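S.K.: Predicted model and sequence follow; I will ask about them next.
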Amino acid sequence: MKILFAAHENAWGGFLGLIRNELPQHSFSASGRFGFDDLKGYDVLIPTMSVVRREHLVDADRLRLIQQCGAGLEGVDLGAARAMNIMVANVPSGISGNADSVAELGIYLMIGLSRDFRKMALSLAGRQTGTPAGRALSGKTVGLIGLGGIGTALARRLKSFDVHLMGIKRDDPQKAKEELGLEWAGTPAEMEKLLSHADYVVLCLPLTPENMHMIGRQAFSQMKRDAFLINLSRGGLVDRAALEEALASEEIGGAGLDVFWEEPVDPDDPIFSYNVLATPHIAGATDISIQGIVRAVAENIRRLEKGQAPLYQKE
């Protein structure tokens, strides 16, 4: 089979080389960017961060499977794929080690902001010792917006830091509260309570048309003035202009970002002149996570060979 990896050859921690080693009988190609020119002749598309619209699928004469190398499918037109009998599957974050890796990076961003990473660099450059004084996580309140695989992994890890945990979940938040030992959980309609109490607001939910720019001017006005926003999900959840305004006016304390409004993000974007600790969409890019994703993707390609339905198929 011919399989197209819609990214640079070495993207996502060398994923393409690993999947090639796992499935040497198949032909793999890299598009060289987050996108592609043509799907003709390909049996499988691994879209990564690429948008897959109806017009891309019209001329896909052999395409049978769109297999994401992660959880995010917001860029794929699922309805068009369904209409053209093209199966779509992902790798849920909770089964690959991805959620654990993302949770670890989330804690890194929280600690980096709390200990004032910018002033630490200035102190080192100025040969100053013992400054700045930072904030400890202990006793602070963390608000997790989204309690799926990543939110769950974060909640379990953060308990050892003696924080107070709040959460937002669309369905049955009280069940999640009990299972994860949260002090409070509510629905998206109750978001203001979390925003007004949390010292760290952490986004760990999928991007949908309904929650695009859910963190905008109103949300920032409801947050504490020294609170930090941590985005581990998708850049589209946050209104970029509103975020810059909130940072410039010190309406919030700062932001930790692993995802952005455009990717790759412009390193000269003025938003980085504020208190922003940024990483290049690497939260899930660890040895454990990549190995788990390779196994899951390889299994679905093998199932396709055998005429079996893929695991984690989206309807």
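M.R.: Sure thing, it's come through.

S.K.: So the chain: which segments form each domain?
M.R.: Using automatic domain parsing, the domain ranges for the chain come out as 2-90+286-305, 96-278.

S.K.: Let's have those domains in JSON lines, adding mean pLDDT.
M.R.: Listed next are the domains of the chain as JSON lines, based on pLDDT from 0 to 100:
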{"stretch": "domain 2-90+286-305", "mean pLDDT": "94"}
{"stretch": "domain 96-278", "mean pLDDT": "96"}
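
S.K.: any chance of these in JSON lines, plus distance to Glu315 and mean neighbour count?
M.R.: Yep, even glycine has a C-beta here, placed from its N, CA and C like the rest. What follows is the domains of the chain, written out as JSON lines (distance: least, C-beta to C-beta, whole Å; neighbours: other C-beta atoms under 10 Å):
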{"stretch": "domain 2-90+286-305", "distance to Glu315": "7", "mean neighbour count": "18"}
{"stretch": "domain 96-278", "distance to Glu315": "15", "mean neighbour count": "18"}
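
S.K.: Minimum distance to Leu311: which of the ones you listed has it?
M.R.: Between Leu311 and those, the shortest separation by C-beta to C-beta is 5.9 Å, and it involves domain 2-90+286-305.

S.K.: Can you get me the start-to-end distance on that closest one?
M.R.: Criterion C-alpha to C-alpha, to the nearest Å; first-to-last residue distance in domain 2-90+286-305 is 12 Å.

S.K.: And the strands in this protein?
M.R.: Using DSSP state E, the strands of the chain run over 2-5, 27-30, 44-46, 65-67, 87-89, 141-145, 164-168, 184-186, 200-203, 228-231, 254-257, 276-278.

S.K.: of the ones you listed, which approaches Pro267 most closely?
M.R.: Among these, strand 276-278 comes nearest to Pro267, with 9.0 Å by C-beta to C-beta.

S.K.: Other residues contacting the closest one?
M.R.: Surrounding strand 276-278, the residues in contact under the criterion C-beta atoms under 8 Å, 6 or more residues apart in numbering are 109, 112-113, 117, 247, 254-258, 260, 265, 272.

S.K.: rewinding a little: and the domains of the chain as TSV, adding distance to Lys314?
M.R.: Below are the domains of the chain laid out as TSV (distance: least, C-beta to C-beta, whole Å):
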stretch	distance to Lys314
domain 2-90+286-305	5
domain 96-278	12
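
S.K.: so which of those gets nearest Gln313?
M.R.: Nearest to Gln313 among the domains of the chain is domain 2-90+286-305 (4.8 Å), distances taken as C-beta to C-beta.

S.K.: sorry, back to before: reformat the contacts of strand 276-278 as CSV; add distance to Arg303.
M.R.: Rendered in CSV, the data for the contacts of strand 276-278 read as follows (distance: C-beta to C-beta, whole Å):
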residue, distance to Arg303
Leu109, 36
Gly112, 41
Leu113, 43
Phe117, 45
Leu247, 46
Gly254, 45
Ala255, 41
Gly256, 38
Leu257, 36
Asp258, 31
Phe260, 34
Val265, 36
Phe272, 43
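
S.K.: Which residue, other than its chain neighbours, is closest to Met191?
M.R.: Leaving aside its sequence neighbours, Met191 sits nearest to Ile168 (C-beta to C-beta, 6 or more residues apart in numbering; 6.1 Å).

S.K.: show me what contacts the closest residue to Ala248 other than its chain neighbours?
M.R.: Of all residues beyond its chain neighbours, the one nearest Ala248 is Tyr274 (6.5 Å), with distances taken as C-beta to C-beta, 6+ apart. By C-beta under 8 Å, 6+ apart, Tyr274 lies in contact with 244, 247-248, 254-255.
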